[in-house]
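1. one predicted model, sequence on top.
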Amino acid sequence: MITIGMLHHRKDPETVMKAYAFAAVAEAEGANFFYFSPGEVNLLNRTIRGQVYVNGKWQTRYMPFPDVIYNAGSPEKLSKAKEVIDELKKEIPFTTHSIGNKWSVNRRLKEAKDFASYLIPTEAVKNTEHFITYIAAFKKVVFKPIDGRKGKGIYFIVQEGDRFSLKGEGTNKKYTVSQLNAFIKQKLSQGTYIIQPYIQSVTKSGQVFDFRLHVQKNGKGEWVITTIYPRVAPKGSIIANINSGGYTNYLEPFLEQEFKEDAINIKRKLEYFSLALAKHLDDLQMEKYGEVIDEIGIDIGMDQDLKLWIYEVNWRPGCPPAFYLELDVVKNTVHYAMYIAKNQRSIQEKIREAKRKAAKKEQGTPIIAITGSAGKTTTKAFLSSILSKKWNIFESKDYWNTTEHTKKHAAEINSSHQAVVLEYGMAYPGVITEHCQIIQPNMSIVTNVGLAHVGNFNGDPRGVAKAKSELIHGMDQSGVLCLNKDNDNSRYLETQNFNGTTITVGIKKPADYQAYDVQYTDQGMSFKIKLQNEEIELFIPIFGEHHVYNALSAIAIADHLGFSPMEIKTGLLFKKPPRRLTIYNCKNNITMIDDTVHSHPEGVRAALDVLTNLARHRKIAIIGQMRELGDIREREYRKLGDFIQQQKIDILITYGFRTEEIGDQAKRQGMQANNVYHFTDREKLHDLLSTLIQKDDTILIKGASKTNMFETVKFIDKKYS
């Protein structure tokens, strides 16, 4: 006869309601059963001081080690006895093992990909700035503790113009930005919180609902559905948790009432989904830890398009509250405990097979190289942010894009990295070829072909394109190449003999990934795109249409790699590289735009476009010298002078060798001479700014790192902070 030991962190079985049910069912099914806690285990003589249910009472008896252990206690509380439990695990099979908290389960499903499209994007909130950026993208969010239980501590927050509506935990208030910041900061001081877009399932009468899917393994080791039932919230509630006042209903009448002719198909969808997800999580547990699980509860929502969304996965779910299924739940568990006691050899072979499949899946790591005259670092930051939502990635540091850096990267990349994202810089022919010889990419992005370093190619952008084409020739020829359809000079790239997949991005011309309705917002840029036959609105927390192109390249690669639209939308809320159109809000309503890393004519025009779109009063442009333009410098400076006058810049200040040519051309086009200044002495420039800057001005500082224009940023920040 098989003996089942029920392990729990509590010593007294009288305090554990289901202990009696297990004792009764085990006896009825022909198994011995006793209850114990870790402190009652004697590892030396292999006995346990357990509790046996006899004649209506729990009695203490010394028992030999059981054939199988039903693992019923809190993982956190049992962890205090980790050494004892680890010793028991070495020789006794456990029916199940903890799959972690909501955050770790979410992460595991993301990494495994199969069910990632059903996950609501979830972030651990780092700080108030992170929260505000997130709500700017999604407008409606849920803010809750990472280890919350029974619907406690959950807040629903909606952005409504410049104010925020907050509901939850008895609160229903309107907050300003500063009030919301204070609220979020106070909550973060108490523990870790996560944030999600708010995806609501709503009945015809306006009540929030969700579905609980309760699945278990049976006596054959197979996953079966214990029950599926809807939970409906009282009117005005934001979640349907029973502990928050929600109530349960029977599935079929509910589906017929709410979905009519779709009811049967939805029921089948829920049944298939529950079993498929349970099997998937079981496989992941075997792959990662060599363990099995026996029971989960899945809370899911269904949006207006009937798409399923995973709210959370619960290990050891509570017994369905209104259907008298407690004995059915216990019966499945007892039968499964008896099954694994008898079938350890086949279960261990199943675990080995799961591990073999996982190892095979690991092959084919995406290695993505990014080059281009502009946008490499920002594109890399966007793409890395998206991919890291699901994978462990290797990302090159900002501006680490020389061949010496690539050699260092080659030594640092290892088997734990599920994707690699690198910048390949170049100033001369042959450099990108060397990059590819060190690390050959299988996916590549050429952001654009412009005038950066054009002086090293006799002033001809076709020479730049030829050098950039070394990435196309040097990558895996069956890989994926992403190009900018709107960039005229990209037509010179040598793609004729590339045998892989080419995907294109654009705004103005038709492309595989085309953005439209591009708008400036208070926090960055918004735009629309069709992804997987669905129109979605996206947001990036950085200004400028040129950065939409950078985001599009990242979107194209991520979509090709199977990332869901929601994962992409969340990943675009990236950590912006420093000094790339960084906004400083100074006193007297003065706004400063810091763009002082690189400078070339296209980049200056893009930055001036941002200045024009952000400024509400006077527009001041401080433009530094552009190097490596060679023989085309004078022509390009004149074009910039034309553009500055077209943009109606109020005051132009140029700094550095021959940059006065820009101002001279602006004056020839009609700009007033007393609004144009030129300096080669930084101190004199700063003296002018001390008297020139007024309330409500917006100031752009644009220049390359080599011209030290960041010194001017620091000067203005110090004077007007």
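-> Structure's in. What do you need?
2. mind checking the SS state of the residue most central in space within the chain?
-> Nearest to the geometric centre of the chain sits residue 389, at 3.3 Å (C-alpha atoms, centre = their mean). Three-state assignment for residue 389 (DSSP: H, G, I helix; E, B strand; the rest coil): coil.
3. need the contact list for residue 559.
-> Contact partners of residue 559, counting by C-beta atoms under 8 Å, 6 or more residues apart in numbering, are 513, 531, 532, 568. (C-beta placed from N, C-alpha, C; glycine too.)
4. next, count neighbours for the third one.
-> Read that as residue 532. Burial measure for residue 532: 10 neighbouring residues, criterion other C-beta atoms under 10 Å.
5. excluding chain neighbours, what is closest to it?
-> residue 565 (6.2 Å; C-beta to C-beta, 6 or more residues apart in numbering).
6. how near is the one you found to residue 535?
-> 10 Å (C-beta to C-beta, to the nearest Å).
7. please enumerate the strands of the stretch 51-200 of the chain.
-> With DSSP state E, counting those that start in this stretch as the criterion, the stretch 51-200 of the chain has strands at 57-64, 68-71, 123-124, 140-145, 155-160, 163-168, 171-175, 193-197.
8. ranking those by burial, who's on top?
-> Highest mean neighbour count among these (mean count of other C-beta atoms under 10 Å): strand 68-71, with a mean of 24.
9. and residue 607, what helix or strand is that in?
-> Element membership of residue 607, judged by DSSP states H and E, is helix 601-614.
10. how far out from the middle of the chain is that helix?
-> Here helix 601-614 is found 29 Å from its chain centre; the criterion is C-alpha atoms, centre = their mean, to the nearest Å.
11. repeat for stretch 613-622
-> With C-alpha atoms, centre = their mean as the basis, stretch 613-622 stands 34 Å off its chain's centre.
12. how about stretch 443-451?
-> The chain centre lies 25 Å from the centre of stretch 443-451; the measure is C-alpha atoms, centre = their mean.
13. ok, now stretch 182-195?
-> On C-alpha atoms, centre = their mean, the centre of stretch 182-195 falls 19 Å from that of its chain.
14. ok, back up a step: ramachandran coordinates for the residue nearest to residue 532?
-> Note on residue 565: its backbone torsions stand at phi -50, psi -40 [degrees, to the nearest 10].
15. on that earlier part again, I'd like the average pLDDT over the helix holding residue 607.
-> For helix 601-614, mean pLDDT rounds to 93.
16. you'd agree residue 370 is up against residue 379?
-> Yes: when contacts are counted by C-beta atoms under 8 Å, residue 370 is listed as touching residue 379 (5.3 Å).
17. contacts only, for residue 286.
-> Residue 286 makes contacts with 292, 350, 351, 354, 355, as judged by C-beta under 8 Å, 6+ apart.
18. quick one: which of the residues you listed has the most company?
-> residue 292 (23 neighbours).
19. okay, domains of the chain per the record?
-> By the record's domain assignment, the chain is partitioned as 3-91, 121-197, 209-361, 367-571, 582-720 (automatic domain parsing).
20. any idea of the mean pLDDT for the shortest one?
-> Domain 121-197 shows a mean pLDDT of 88 in the predicted model.
21. just how off-centre is it within its chain?
-> Put simply, domain 121-197 sits 17 Å off its chain's centre (C-alpha atoms, centre = their mean).
22. same check on the last one?
-> On the basis of C-alpha atoms, centre = their mean, the separation between the geometric centre of domain 582-720 and that of its chain is 36 Å.
23. swap in stretch 296-304?
-> 20 Å.
24. could you do stretch 489-497 as well?
-> Put simply, stretch 489-497 sits 33 Å off its chain's centre (C-alpha atoms, centre = their mean).
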